[in-house]
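Q: Got a sequence here, can you model it:
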Amino acid sequence: HTLEAGKALRGVVARSDGWGHTACAGSGGCLVLAADGCDDGTPCTLDTCDAAKGCLHPGLSGPACTPTNPCAVDGTCKAGTCAPGADRLWTAAFSGLPSKSGGVGVVADADGSVRFVAPGADGVHLVKVDPEGKMTADLPTGFGCSTSNLFDIISYGDGGAIFAEWCSCGGSCLHRVARVGGDGSQLWQVQLGAYPKGNGGLLRLSNGDILAGSGTALVRLDANGKKVGQGVLTTVPTGTWTSLGGLADAPASRIVVAGRTSNSGKNIGHVTLTTAGASTEWTYVDAAADAAITRVVAVDGHFVAVGWSTELGATAGTGLVVRLDADGKVVWRQAWDRDKVMAPNDLMALDDGGALVVGYRIAGGVAVAGRIAVLDSDGGQRWLRSDPDVAFLSRVTAAPGGGLFTYGIRYLPGGQRIPVVGSRDL
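A: Residues are numbered from 1 along each chain as shown. The predicted structure follows:
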């Protein structure tokens with residue numbers, strides 16, 4: 001019998017055609033093949049037969065695959081092996097804290113325990129979770145109400161937190177920042193101002209002060225909640241700032257701000273490098289006609305930001321990810337169909353210069369599953385996976401010693417939303 005070089009092998013075939021359990025090589029020697037011919041059972045190799053060498057399995061990169069670990073799905077082939085998404089260590093849903101607006105995010109302690117804040121029927125709660133995913137404290141703070149819209153959180157050394165929120169008040173929205181202790185007690189709160197609906201950000205500065213971005217203002221607070229400075233972002237050529245998004249540190253005591261401006265009824269996504277609002281060094285203006293930038297992180301001397309646009313059709317139906325260099329120039333930009341890839345909500349920097357992005361997938365106009373993706377430094381997608389435990393993932397933070405924590409929302413009948421915290425390895 002003669003082997004056909006380069007022929008792909010699938011399944012058991014009759015011995016008479018040279019592809020059975022035993023076949024003769026061109027040199028006259030016999031090769032003992034597996035019962036399934038040369039199929040090695042992995043989708044990450046191309047199974048072929050060489051007339052002289054027998055079965056060959058060159059590695060593939062790119063196709064989707066299912067890892068052997070059942071907790072890590074939606075892997076991607078990398079050089080012949082199935083590289084899984086983030087392994088899920090535990091997921092904890094906190095059904096005792098239903099709300100209409102969900103929560104904001106999670107912060108991690110050195111021992112692997114986490115904290116988050118979420119609005120309940122009686123206001124905002126501070127919730128603590130041990131390293132195994134068990135809730136150890138559910139502490140009412142006496143702050144806010146069931147309609148509080150929380151938009152950022154940072155940890156505090158006493159086991160407490162500082163968080164920001166906005167709530168409807170007549171025709172405007174009151175944007176506030178609150179500090180709670182480790183026992184949930186409210187230590188102080190500051191009203192930033194009345195602005196249109198929108199998100200904002202919090203950033204701890206090197207001296208311990210807090211920079212709070214909300215509306216069009218950057219407000220600086222000391223550790224006791226006292227306002228020690230305020231700057232208003234200036235109007236840029238494309239319009240007037242209407243909403244700030246995330247804040248991130250930049251070299252030389254500068255701040256990079258993500259957000260959007262408004263011009264003739266259109267949203268325009270921006271990233272600005274500023275000195276606490278006093279002066280602007282550069283502003284990136286996204287090319288999409290209607291867009292917003294919602295979060296930004298510093299990555300290896302550059303900046304990576306996420307947001308949305310309408311360039312692929314539907315209202316806010318396109319997810320944006322853009323990498324900018326130190327001068328605000330585009331290194332790469334990606335537009336994601338939120339039905340097929342995701343609408344991104346948050347991201348974190350990786351040590352190798354890449355970034356991890358979390359968000360959600362849309363089906364029929366409704367968020368149906370959380371999504372996690374890892375991008376290489378050149379924008380290439382390393383892997384993409386779904387998280388069926390939640391309708392969407394809103395925040396991600398690094399875990400001590402590696403890995404990550406995610407914060408998401410699970411929908412319940414009647415419009416209620418349940419906070420879900422997950423711990424994952426990378």
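Q: Residue 267: what's it in contact with?
A: Residue 267 is in contact with 242, 260-261, 290-292, counting by Cβ atoms under 8 Å, 6 or more residues apart in numbering. For every residue, glycine as well, the C-beta is placed using N, CA and C.
Q: can I assume residue 414 sits in a helix?
A: Yes. Per DSSP: H, G, I helix; E, B strand; the rest coil, residue 414 lies within a helix segment.
Q: residues near it, how many?
A: 7 (other Cβ atoms under 10 Å).
Q: what's the answer for the one 10 residues further on, then?
A: One way to gauge burial is a neighbour count; for residue 424, by other Cβ under 10 Å, it gives 23.
Q: re earlier: okay, who's weakest in the contacts of residue 267 by pLDDT?
A: Here the lowest pLDDT out of those sits on residue 242, with 71.
Q: which one is that residue nearest to, not counting chain neighbours?
A: Excluding its sequence neighbours, the residue lying closest to residue 242 (Cβ to Cβ, 6 or more residues apart in numbering) is residue 262, at 4.5 Å.
Q: Find the helix or strand that that neighbour is a member of.
A: Using DSSP states H and E, residue 262 maps to strand 254-263.
Q: do the same with residue 384
A: In the assignment (DSSP H and E), residue 384 maps to strand 381-387.
Q: quick one, what contacts the residue lying closest to residue 405 once chain neighbours are set aside?
A: Leaving aside its sequence neighbours, residue 405 sits nearest to residue 106 (Cβ to Cβ, 6+ apart; 4.9 Å). Remark: with contacts taken as Cβ under 8 Å, 6+ apart, residue 106 is in contact with 114-116, 153, 395, 397, 405-407, 421.
Q: May I see those organised as JSON lines, with pLDDT and neighbour count added?
A: Listed next are the contacts of residue 106 as JSON lines, based on pLDDT from 0 to 100; neighbours: other Cβ atoms under 10 Å:
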{"residue": "114", "pLDDT": "92", "neighbour count": "24"}
{"residue": "115", "pLDDT": "91", "neighbour count": "25"}
{"residue": "116", "pLDDT": "88", "neighbour count": "26"}
{"residue": "153", "pLDDT": "88", "neighbour count": "24"}
{"residue": "395", "pLDDT": "91", "neighbour count": "24"}
{"residue": "397", "pLDDT": "92", "neighbour count": "18"}
{"residue": "405", "pLDDT": "93", "neighbour count": "23"}
{"residue": "406", "pLDDT": "93", "neighbour count": "27"}
{"residue": "407", "pLDDT": "91", "neighbour count": "28"}
{"residue": "421", "pLDDT": "91", "neighbour count": "26"}
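Q: so which of those comes closest to residue 95?
A: Checking these against residue 95 by Cβ to Cβ gives residue 421 as the nearest, at 12.6 Å.
Q: and the closest one, that's in a helix?
A: No. Using three-state DSSP, the assignment for residue 421 is strand, not a helix.
Q: hang on, residue 191 in a strand?
A: Yes. With three-state DSSP as the criterion, residue 191 is part of a strand.
Q: Report the spatially closest residue to it, excluding sequence-adjacent ones.
A: Of all residues not flanking residue 191 in the chain, residue 176 sits nearest, at 5.1 Å (Cβ to Cβ, 6+ apart).
Q: hang on, that neighbour packs against residue 190?
A: Yes. If you go by Cβ atoms under 8 Å, residue 176 and residue 190 touch, sitting 6.5 Å apart.
Q: then stretch 249-264 to CSV, C-alphas only?
A: Extracted in CSV, the C-alpha atoms of stretch 249-264 (Å, rounded to 0.1, in the frame of the first residue of the first chain):
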residue,chain,number,x,y,z
ASP,A,249,-1.9,58.3,36.5
ALA,A,250,0.6,59.6,34.0
PRO,A,251,4.3,60.5,34.4
ALA,A,252,5.4,63.8,36.0
SER,A,253,2.3,64.1,38.2
ARG,A,254,-0.1,64.4,35.3
ILE,A,255,-3.5,62.8,34.9
VAL,A,256,-5.1,61.1,31.8
VAL,A,257,-8.8,61.6,31.6
ALA,A,258,-11.3,59.6,29.5
GLY,A,259,-14.7,61.0,28.6
ARG,A,260,-16.8,62.6,26.0
THR,A,261,-17.8,66.0,24.7
SER,A,262,-21.0,67.1,22.9
ASN,A,263,-21.3,68.8,19.6
SER,A,264,-24.6,69.3,17.7
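Q: how about that stretch: buried residues?
A: 250, 255-261 (16 or more other Cβ atoms under 10 Å).
Q: and of those, the nearest to residue 272?
A: Distance to residue 272 across these (Cβ to Cβ) is lowest for residue 257, with 4.9 Å.
Q: which residue packs closest to that closest one, ignoring adjacent ones?
A: Spatially, and ignoring its direct neighbours in sequence, residue 257 is nearest to residue 272 (4.9 Å; Cβ to Cβ, 6+ apart).
Q: and the one you found, how many residues sit next to it?
A: Neighbours of residue 272 (other Cβ under 10 Å): 25.
Q: before we move on, what about residue 330?
A: For residue 330, using other Cβ under 10 Å, the count is 12.
Q: Surely it is in contact with residue 305?
A: No. Using Cβ under 8 Å, residue 330 is not in contact with residue 305, being 10.6 Å away.
Q: overlap in contacts of these two?
A: Common neighbours of residue 330 and residue 305, using Cβ under 8 Å, 6+ apart, are 322, 324.
Q: any idea how far the nearest residue to residue 280 once chain neighbours are set aside is from residue 282?
A: Distances taken as Cβ to Cβ, 6+ apart put residue 274 closest to residue 280, at 5.0 Å, once the chain neighbours are dropped. Distance, residue 274 to residue 282, by Cβ to Cβ, to the nearest Å: 9 Å.
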